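Colleague: no FASTA, just this:
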């Protein structure tokens, strides 16, 4: 009983601890951009995209958001998952933007990046299977991100030897 009481008290102290959600969002955003650059950079160099980048990005964002927030909680989980998905989609857009810039440079043209940004949802839609692949990888990464940011489970268990 004493152990169970101590566990309840520890969980109450944990729940009462402050959470810095704005800092968690900022950390998740920065790590999401980093993950997108890695996603696109690896795709440019290897001509392939890999789910392990999405999984690693999810783990990194989950860890970073939790560290920045100061504790694990549902809002941190949601933040990590959303930014993981956003990261892989941004990575896809960076990849398309890179290829577009390469093509425009060959033709002596300039890319209108404002128009490109405005057309981003349509670009992702038209990519079809590539976007689906990225989203599935992002969902897997988001799952890992939510696991990383999940509230700890403390329990006292007494077993007879």
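Modeller: Yep, it's here. Just so it is clear, the model here is predicted, and its values are computed rather than measured.
Colleague: name the element residue 37 belongs to?
Modeller: Element membership for residue 37, per DSSP states H and E: helix 21-46.
Colleague: quick one: mean pLDDT for that helix?
Modeller: Confidence over helix 21-46, taken as the mean pLDDT, stands at 96.
Colleague: and what of stretch 88-101?
Modeller: Stretch 88-101 shows a mean pLDDT of 95 in the predicted model.
Colleague: would you mark the buried spots in that stretch?
Modeller: For stretch 88-101, the buried set under the neighbour-count rule, 16 or more other C-beta atoms under 10 Å, comprises 88-97. Any C-beta I mention is one placed from the backbone N, CA and C, and that applies to glycine too.
Colleague: again, but for stretch 68-79
Modeller: Residues of stretch 68-79 classed as buried under the neighbour-count rule (16+ other C-beta under 10 Å) are 68-69, 71-73, 76-77, 79.
Colleague: between which two of those residues is the distance greatest?
Modeller: The most widely separated members of these, counting by C-beta to C-beta, are 68 and 77 (13.5 Å).
Colleague: now the helix holding residue 37, how far from the chain's geometric center?
Modeller: Its chain's C-alpha centre lies 7 Å from the corresponding centre of helix 21-46 when counted by C-alpha atoms, centre = their mean, to the nearest Å.
Colleague: could I get the buried residue list for it?
Modeller: By neighbour count, with 16+ other C-beta under 10 Å as the criterion, the buried positions of helix 21-46 are 21, 24-25, 27-29, 31-33, 35-36, 38-40, 42-43.
Colleague: separation between residue 145 and residue 72?
Modeller: Relative to residue 72, residue 145 is positioned 12 Å away (criterion: C-beta to C-beta, to the nearest Å).
Colleague: do residue 124 as well
Modeller: Separation of residue 124 from residue 72 (C-beta to C-beta): 31 Å.
Colleague: lowest-pLDDT helix or strand in the protein?
Modeller: Across the helices and strands of the chain, the lowest-confidence element by mean pLDDT, DSSP states H and E is helix 2-16, at a mean of 75.
Colleague: can you give me how far that one is from the chain middle?
Modeller: When distances are taken as C-alpha atoms, centre = their mean, helix 2-16 is centred 31 Å away from the chain's centroid.
Colleague: from the buried residues of helix 21-46, pick the one nearest residue 111.
Modeller: Using C-beta to C-beta as the measure, the one of the buried residues of helix 21-46 that approaches residue 111 most closely is residue 40, at 15.2 Å.
Colleague: in the chain, which spans are helices?
Modeller: If you assign secondary structure with DSSP state H, the helices in the chain sit at 2-16, 21-46, 51-69, 74-106, 113-118, 120-127, 129-148.
Colleague: no more questions from me, cheers.
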